[in-house]
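[1] only geometry, no sequence info:
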């Protein structure tokens, strides 16, 4: 969920909660105030009744009141505390029952006590409360609509510089000399973010170029003495005056120097792949490249009497011919070197995947670490970087590669 969606969710929930709570409090406050007002009116009515009895020495009749219903009941109680209560009001004109409010008090006339009950209608007050509630609800809905529009359009505009910076970061390539194309904006936080990103990218590019030159120079400087050592060892091996013991020692040095040379070249290749420094992508027919690779490895295949079965469809990819050649070299050599004599190798190419299977040891390898650097078997004479290069090439082109053991077959699958 996006940050703006989180903000919208929190703001809407908070706003609705506050408005609902405020609406409930407001409703009860209005109800309480209207009830107090009715009680004040009823108190005035009771006082008017008492004044009328005091001045006229008789009980007033119903026609002398507006829309109130007044009832007098004889009682023997000498004292009665005034009380207010909700009741039913019977409208004398419309002959219908309504919600009402009443007051009950005591009056005296000619030594006789009367309980007076005055009832008024609450319909007008209830109608006023309903109008206020509808107006409040309309305001709440209007506020929520405005909040939604502000969050959707105004905040989207405010976050536009952030998404521009995010897109620039996604497209950032450490090997390209171009800098970020960051927009100027009036938001201080985004301006600080852009400045920090700019400084960070310049520092990273500087460190990368320094590391690149260091790696290339170190590799080049190592290649020269290794080439000299190899040449000298070639000369020594061809010397017929060497005794067998010296020959074995020199041959061991020759093998070790060759391995060191290959390791140096492989490590340099890994650096170039990981930093996307190899150019020259083109449209390639992968099925044709696989057939060519089978021809190149035919001698090794025949040496182990491996039975190869292939099922290839036409498949075009956009990649570097150099890297695809390395990828196929590593997969094919791995399937042949670790195969058993008279074993099988199956190659399947579909529009969506490449599967290379081979017989070998009867148990599965560690699928979690098989693509890690320097992971190799005890009998392997390689550098332990072949499958690491395969994975890095697949990552470069957004392909997925995995290993699994299926029906006694070691399987490497690349999903395009």
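    Looks like it arrived, so ask away. Since the structure is predicted, the reported quantities are computational estimates derived from the model, not experimental observations.
[2] From now on I want contacts and neighbour counts done on CA atoms only, so please keep to that.
    Noted.
[3] Where does residue 90 sit: helix, strand or coil?
    Following DSSP: H, G, I helix; E, B strand; the rest coil, we place residue 90 in the strand state.
[4] For it, give me its contacts.
    Residues in contact with residue 90 (CA atoms under 8 Å, 6 or more residues apart in numbering) are 96, 97, 98.
[5] run the last query once more with 10 Å
    For residue 90, the contact set (CA atoms under 10 Å, 6 or more residues apart in numbering) comprises 68, 69, 96, 97, 98, 99, 100, 119, 120, 121.
[6] does the last one have beta-bridge partners, and which?
    Spelled out, it's residue 121. Beta bridges link residue 121 to residue 100, judged by DSSP bridges.
[7] Verify the contact between it and residue 88 for me.
    Yes. Using CA atoms under 10 Å, residue 121 is in contact with residue 88, at 8.2 Å.
[8] Looking at those two, which one has more neighbours?
    When residue 121 and residue 88 are compared on other CA atoms under 10 Å, the one with more neighbours turns out to be residue 121, at 23 against 15.
[9] all helices of the stretch 201-350 of the chain, in order?
    Read by DSSP state H, counting those that start in this stretch, the stretch 201-350 of the chain holds these helices, from start to end of the chain: 244-274, 286-296, 298-303, 321-337.
[10] Need those helices in a markdown table (columns: mean pLDDT, distance to residue 234 and mean neighbour count).
    Listed next are the helices of the stretch 201-350 of the chain as a markdown table, based on pLDDT from 0 to 100; distance: least, CA to CA, whole Å; neighbours: other CA atoms under 10 Å:
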| stretch | mean pLDDT | distance to residue 234 | mean neighbour count |
| --- | --- | --- | --- |
| helix 244-274 | 74 | 8 | 15 |
| helix 286-296 | 91 | 26 | 15 |
| helix 298-303 | 90 | 25 | 14 |
| helix 321-337 | 89 | 26 | 18 |
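[11] Please pull up the helix or strand immediately following the biggest helix by length in the chain.
    The helix spanning the most residues in the chain, taking DSSP state H as the definition, is helix 3-56. Downstream of helix 3-56, the next assigned helix or strand under DSSP states H and E is strand 69-75.
[12] Name the residues that touch that next one?
    Residues from elsewhere that reach strand 69-75 (CA under 10 Å, 6+ apart): 45-46, 49, 59-64, 89-92, 102-108, 112-121.
[13] go on, stretch 389-398?
    Residues outside stretch 389-398 that contact it (CA under 10 Å, 6+ apart): 266-267, 269-271, 273-276, 317-320, 323-324, 326-331, 371-373, 385, 387-388, 399-402, 414-416.
[14] With stretch 152-168 instead?
    Applying CA under 10 Å, 6+ apart, the contact partners of stretch 152-168 are 3-5, 7-8, 146-151, 169-172, 179-187, 189-191, 193-194, 197.
[15] in that stretch, what counts as buried?
    Neighbour counts over stretch 152-168 (16 or more other CA atoms under 10 Å) mark 161, 162, 165, 168 as buried.
[16] Switch those residues over to TSV; also include secondary structure.
    Shown next, in TSV, are the buried residues of stretch 152-168 (three-state DSSP):
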residue	secondary structure
161	helix
162	helix
165	helix
168	helix
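[17] from those residues, which single one is nearest residue 338?
    The shortest approach to residue 338 among the buried residues of stretch 152-168 belongs to residue 168, at 45.1 Å (CA to CA).
[18] if I look at the closest one, how far off is residue 351?
    Distance, residue 168 to residue 351, using CA to CA, to the nearest Å: 33 Å.
[19] swap in residue 158?
    From residue 158 across to residue 351, the span is 44 Å (CA to CA).
[20] same check, this time on residue 231
    Distance of residue 231 to residue 351, computed by CA to CA: 46 Å.
[21] Over to residue 170?
    Counting by CA to CA, the gap from residue 170 to residue 351 is 29 Å.
[22] Comparing those two, which residue is more hemmed in?
    Legend: neighbour count by other CA under 10 Å for residue 170 and residue 351, higher for residue 351 (13 against 9).
[23] what secondary structure does that one sit in?
    coil.
[24] Leaving out the residues flanking it, which one is nearest to it?
    Leaving aside its sequence neighbours, residue 351 sits nearest to residue 315 (CA to CA, 6 or more residues apart in numbering; 5.9 Å).
[25] swap in residue 84?
    The nearest residue in space to residue 84 (CA to CA, 6+ apart) is residue 103, at 4.5 Å.
[26] and residue 227, what does it touch?
    Residues in contact with residue 227, defined by CA under 10 Å, 6+ apart, are 233, 257, 258, 261.
[27] thought residue 174 was touching residue 205?
    Yes. If you go by CA under 10 Å, residue 174 and residue 205 touch, sitting 5.9 Å apart.
[28] Residue 402 and residue 411: what is the separation?
    Separation of residue 402 from residue 411 (CA to CA) stands at 8 Å.
[29] Between the two, which is the more surrounded one?
    Between residue 402 and residue 411, counting by other CA under 10 Å, residue 411 is the more crowded of the two (21 against 15).
[30] if I've got this straight, that one is in a strand?
    Yes. Under three-state DSSP, residue 411 sits within a strand.
[31] Residue 105: which element?
    Applying DSSP H and E as the criterion places residue 105 in strand 96-109.
[32] can you check residue 141 too?
    With secondary structure defined by DSSP H and E, residue 141 is part of helix 123-149.
[33] Which strands or helices does that helix pack on?
    On a contact count with 3 or more CA pairs under 10 Å, 6 or more residues apart in numbering; DSSP states H and E, helix 123-149 meets helix 3-56, strand 96-109.
[34] Out of the ones you listed, flag the one nearest residue 361.
    Residue 361 lies closest, by CA to CA, to one member of these: helix 3-56, at 51.5 Å.
[35] how big is the angle separating the closest one from strand 69-75?
    Relative orientation of helix 3-56 versus strand 69-75 (axes from the mean of the first three to the mean of the last three CA atoms, to 10 degrees): 60 degrees.
[36] Now do helix 3-56: which elements does it pack against?
    Counting contacts by 3+ CA pairs under 10 Å, 6+ apart, helix 3-56 is packed against strand 69-75, strand 83-91, strand 96-109, strand 112-121, helix 123-149, helix 155-170.
[37] Highest mean neighbour count out of these?
    strand 112-121 (a mean of 21; mean count of other CA atoms under 10 Å).
[38] got the angle between that strand and helix 3-56?
    Strand 112-121 and helix 3-56 are oriented at 150 degrees to each other (the same axes, to 10 degrees).
[39] Spatially nearest residue to residue 283, not counting backbone neighbours?
    Closest residue in space to residue 283, ignoring its immediate chain neighbours: residue 318 at 4.5 Å, by CA to CA, 6+ apart.
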